[in-house]
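**Q** Here is my input; please provide its structure:
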Amino acid sequence: MMRLIQQMKPSDWDVARMLTYIADLELEVDRLRKHGQFFQLETLGILKRIRLLCGNAAGMVNGLPPLPEIEQSITELMRVVKDLQDPSDYHPAFDQVVDIALRPFIDKVFRCQQRIVGAAEVTLHLQLDQDHIEWFPGRLRHVMDNLISNGLRFRDVGKKENWIRMNLRVSPDKYVFRIEDNGVGMSSGECHQVLELFYRAAPMRAAGMGVGLAVVKLLVEQCGGSLSVDSGEGQGTTLEVALPRFDLNDHLG
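**A** Next up, the predicted model:
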């Protein structure tokens, strides 16, 4: 990060800091909004199910409600809470580079997005050059939240199997994540537009489409990385994000 700062004029750095802050803030607000809406709906659904089980006289055994079914519902609710809960070390405001155990990190993001999108049938395949990376955990979560969510939202329900594949290549100066899916894909024109900052209109965002890949691209670029997209209609989408490597003593100013 310090190498990137030294190449910029003071005025450029001020603008870059502001753009990074805006992108990070919009992604965090969007994440909290989606998590809040999902948790409210999920909680109400499970509580209604428990209430129905308790009030269903026909399902009672010896005058008692079916306890195994109630226990299963409560366990499911506890699992939702655990998946949506952030470990303290990965708080968005924590801008220090840390050692991140990548597999549990990505698995948790994937499960959380599966629940929010309602895509339990999609499978995740990981192929990683290494299981740990040193990066900014809050920003990495924002990036992975949106890239994984993109593959889940635009899955092809007509296909027998839906999957997301994530590969990590490591070089001396960067981490390169490649996220592929076999979803509905998009045209070459849409590939170009989807990375434009003002492409996603307010009505589409209100419909639950999220902040879009353009904000993720902005955040990645302001951290010194890059994001590209390749897709074809009916052929799925491939997203590639290159993140610069940092030292454990690096931090964002």
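
**Q** ok, Val220 to Arg169 distance?
**A** From Val220 across to Arg169, the span is 16 Å (CB to CB, to the nearest Å). Just so you know, the C-beta spots here come from the backbone N, C-alpha and C atoms, and that holds for glycine as well.

**Q** The two - which one has more neighbours?
**A** Val220 (21 against 15; other CB atoms under 10 Å).

**Q** doesn't that one fall inside a helix?
**A** Yes. Under DSSP: H, G, I helix; E, B strand; the rest coil, Val220 sits within a helix.

**Q** OK, contacts around it?
**A** By CB atoms under 8 Å, 6 or more residues apart in numbering, the residues touching Val220 are Val143, Ser226, Leu227, Val241, Leu243.

**Q** Please identify the helix or strand for the closest residue to the second one other than its chain neighbours.
**A** Right, the one you point to is Ser226. On the basis of CB to CB, 6 or more residues apart in numbering, the spatially nearest residue to Ser226 that is not a chain neighbour turns out to be Ala242, at 4.9 Å. Here Ala242, judged by DSSP states H and E, is contained in strand 237-244.

**Q** picking up where we left off before, hmm, the residue nearest to Ser226 is touching Lys174, no?
**A** Yes. At 5.1 Å, Ala242 counts as touching Lys174 under the criterion of CB atoms under 8 Å.

**Q** Give the residues shared as contacts by those two.
**A** Contact criterion CB under 8 Å, 6+ apart; residues shared by Ala242 and Lys174: Gly225.

**Q** The residue nearest to Ser226 bridge partners, please.
**A** Here Ala242 sits in beta bridges with Val176, Ser226, going by DSSP bridges.

**Q** For Arg49, see how far away Gln72 is.
**A** Distance from Gln72 to Arg49, by CB to CB: 9 Å.

**Q** Arg49 and Val80, how far apart?
**A** Arg49 is 13 Å from Val80, by CB to CB.

**Q** same deal with Gln193?
**A** Separation of Gln193 from Val80 (CB to CB) stands at 35 Å.

**Q** Which one's more surrounded, the two?
**A** Between Gln193 and Val80, Val80 has the larger neighbour count (other CB under 10 Å), namely 18 against 13.

**Q** from the contacts of Val220, which single one is nearest Glu233?
**A** Leu227 (21.0 Å; CB to CB).

**Q** Count the residues that sit near the closest one.
**A** Leu227 has 21 nearby residues by other CB under 10 Å.

**Q** swap in Asn146?
**A** 23.

**Q** quick one: which helix or strand includes it?
**A** Using DSSP H and E, the element containing Asn146 is helix 137-153.

**Q** residue contacts, the closest residue in space to Asn249 that isn't next to it in sequence?
**A** In space, and not counting its chain neighbours, Asn249 is closest to Val97: 7.4 Å by CB to CB, 6+ apart. Counting by CB under 8 Å, 6+ apart, Val97 makes contact with Glu134, Trp135, Phe136, Phe246, Asp247, Leu248, Asn249, Asp250, His251.

**Q** These, buried ones only, as a PyMOL selection?
**A** Selection of buried members from the contacts of Val97 for PyMOL, criterion 16 or more other CB atoms under 10 Å:
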select buried, resi 135+136+246+250
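
**Q** Got phi/psi on the closest residue to Leu77 other than its chain neighbours?
**A** Counting by CB to CB, 6+ apart, Ile46 is the residue found nearest to Leu77 once chain neighbours are left out, at 4.7 Å. Dihedral angles of Ile46 (phi, psi; degrees, to the nearest 10) stand at phi -70, psi -40.

**Q** number of nearby residues for Ile46?
**A** 17.

**Q** Touching, it and Thr75? I think so.
**A** No. Counting by CB under 8 Å, Ile46 stays clear of Thr75, with 10.0 Å between them.

**Q** what stretches of the stretch 1-150 of the chain score poorly on pLDDT?
**A** 1-41, 51, 53-66, 81-95 (pLDDT under 70).
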